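Asks: Pasting a predicted model and its sequence here:
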There are 2 protein chains.
Amino acid sequence: MVNTRQFDEDAVLEVALKTFWQNGFAATSMIDVAEATGVQRGSLYNAYGDKERLFLLTYERYANRFLDSVRQTLSNPDPAIALTALLKGVIASLIVGAPSRGCLTTKTAIELPLAGKAIEARVKRLLEDLTTLIRDALSTPAARRKLSCDPDIAADLVVTFTRGLAVIERAYRNPQHLEKIAQQFVNVLVPEAKRRR
Amino acid sequence: MVNTRQFDEDAVLEVALKTFWQNGFAATSMIDVAEATGVQRGSLYNAYGDKERLFLLTYERYANRFLDSVRQTLSNPDPAIALTALLKGVIASLIVGAPSRGCLTTKTAIELPLAGKAIEARVKRLLEDLTTLIRDALSTPAARRKLSCDPDIAADLVVTFTRGLAVIERAYRNPQHLEKIAQQFVNVLVPEAKRRR
DNA sequence: GTCAAATTTGACATAACTGTCAATAATAAA
DNA sequence: TTTATTATTGACAGTTATGTCAAATTTGAC
């Protein structure tokens, strides 16, 4: 390489992620990203081709980070504890920033199919990975005994519920409300009667 | 009134609703609405002022229709039957049109707060009305006996879950998957053990 | 039929956005 | 230090959008 990039690529992708996360893919312009990062629009096009490719690059960071966080929260063998930690983590992710940014995956999913095939495939993959993580975590014999349904089913329900939380967050902007319904959801999935088995 | 509107206002609002429903508030232009309805853009501005007011007018139709449908599905005193019917109705609403349009409320909620205060308030009201309808339907003694949680809690969970369904619909576009997880959700809320009480 | 008031129409002003490109600047490697 | 290659910069073309407005048209009421 003869001349090197004059901006800190890591820092720029980080700021670009926050920008997309805040306003969503469609509502974020390259001008927004350029202003937020301090990098000229032309440089962004030179480095990343177009808005979609830049988005996919920033989403990659977001997705990996999110799944890592989920993996950690699911480490406890008790499904009630694991699911509570998972949902707390998801809610924490929904309400970061001031004003809070909500869920980038959900924002992007809702923009489908307008956002295009590549983005659609990427979002789908994240949801599938999330489902797999949860299903695996709930598939131990100890977890099965405490759940009110099969782990496969529970995983689908939890994923769907997290998407619901993301929507409710946008409408009400009330972290306590989110925490409350999340806890109640765990109580239904892991009923009191089965907790001590 | 000296000169009357030359277009069928009811038909225009109906088509405008479908247009907003398909692409969401932000991604729908007045040009889109004008082309879909066959009414000139200038006439739309003359009649409705601006895009936001036109949207709110069409959303009103959508919301009333949606809540009427929910009311009907919840009429059965058995909570498992009522909730199954409710979720089937919601899913039916998500997948109407070709290609399916998803959920206008969820699309709009996800666009908040960019869509503005008036739209935010309207969406919130629909969610509150929906919650109230479900809570009331589940608050009978017969229903309470069969539910795995309090009616208030169940209502919040169901509303959140329907929002999740709307997101999952966008990502997977698989009505059967939606039906499956919806039924499983009902099974968790109304456990087999309590069905025959 | 006339008229007053509303609607329709098409043009206009303004703004924002995406992507491209030629000219300029920068730099790793020889 | 030179050079080949890449990055940066700012202008440009093309597109799309919102909202406004004056002129033309329409029509219910008298």
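Replies: The structure has been received and is ready for your questions. Bear in mind that the values here come from a model prediction, so they are computed numbers and not experimental data.
Asks: got the residues of chain A near DNA strand C?
Replies: Contact residues, chain A versus DNA strand C (C-beta under 7 Å from any atom of the strand): A:1-4, A:6, A:28-32, A:41-42, A:45-46, A:50-52. For glycine as for every other residue, the C-beta is placed from the backbone atoms N, C-alpha and C.
Asks: Kindly recompute the last result at 6 Å.
Replies: Within chain A, the positions adjacent to DNA strand C are A:1-4, A:6, A:29-31, A:42, A:45, A:50-51 by C-beta under 6 Å from any atom of the strand.
Asks: Buried ones only from those, please, as a PyMOL command.
Replies: To isolate the buried members of these in PyMOL, using 16 or more other C-beta atoms under 10 Å in any protein chain shown:
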select buried, chain A and resi 30+51
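Asks: Next step: the residues of chain A next to DNA strand C restricted to helices.
Replies: Residues of the residues of chain A next to DNA strand C located in helices (DSSP state H): A:30-31, A:42, A:45, A:51.
Asks: How about stretch A:154-170 and chain B, any contact?
Replies: Yes: judged by C-beta under 8 Å from any C-beta of the partner chain, stretch A:154-170 comes into contact with chain B at A:156-157, A:159-168, A:170.
Asks: picking up where we left off before, ok, so of the ones in helices among the residues of chain A next to DNA strand C, who is nearest A:Arg145?
Replies: Distance to A:Arg145 across these (C-beta to C-beta) is lowest for A:Lys51, with 48.8 Å.
Asks: hang on, the earlier thing: got the residues of chain A next to DNA strand C as a markdown table, with pLDDT columns?
Replies: Putting these into a markdown table (pLDDT from 0 to 100) gives the following:
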| residue | pLDDT |
| --- | --- |
| A:Met1 | 65 |
| A:Val2 | 80 |
| A:Asn3 | 87 |
| A:Thr4 | 90 |
| A:Gln6 | 90 |
| A:Ser29 | 98 |
| A:Met30 | 98 |
| A:Ile31 | 98 |
| A:Gly42 | 96 |
| A:Tyr45 | 98 |
| A:Asp50 | 97 |
| A:Lys51 | 98 |
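Asks: now, the most widely separated pair of the residues of chain A next to DNA strand C?
Replies: Across these, the longest distance by C-beta to C-beta is 31.1 Å; it joins A:Val2 and A:Ser29.
Asks: Let's have the ones in helices among the residues of chain A next to DNA strand C in CSV, adding distance to chain B.
Replies: Below are these laid out as CSV (distance: C-beta to the nearest C-beta, whole Å):
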residue, distance to chain B
A:Met30, 17
A:Ile31, 16
A:Gly42, 26
A:Tyr45, 23
A:Lys51, 15
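Asks: Now flag whichever of those residues is closest to A:Pro113.
Replies: Of all these, A:Lys51 has the smallest distance to A:Pro113: 16.7 Å, by C-beta to C-beta.
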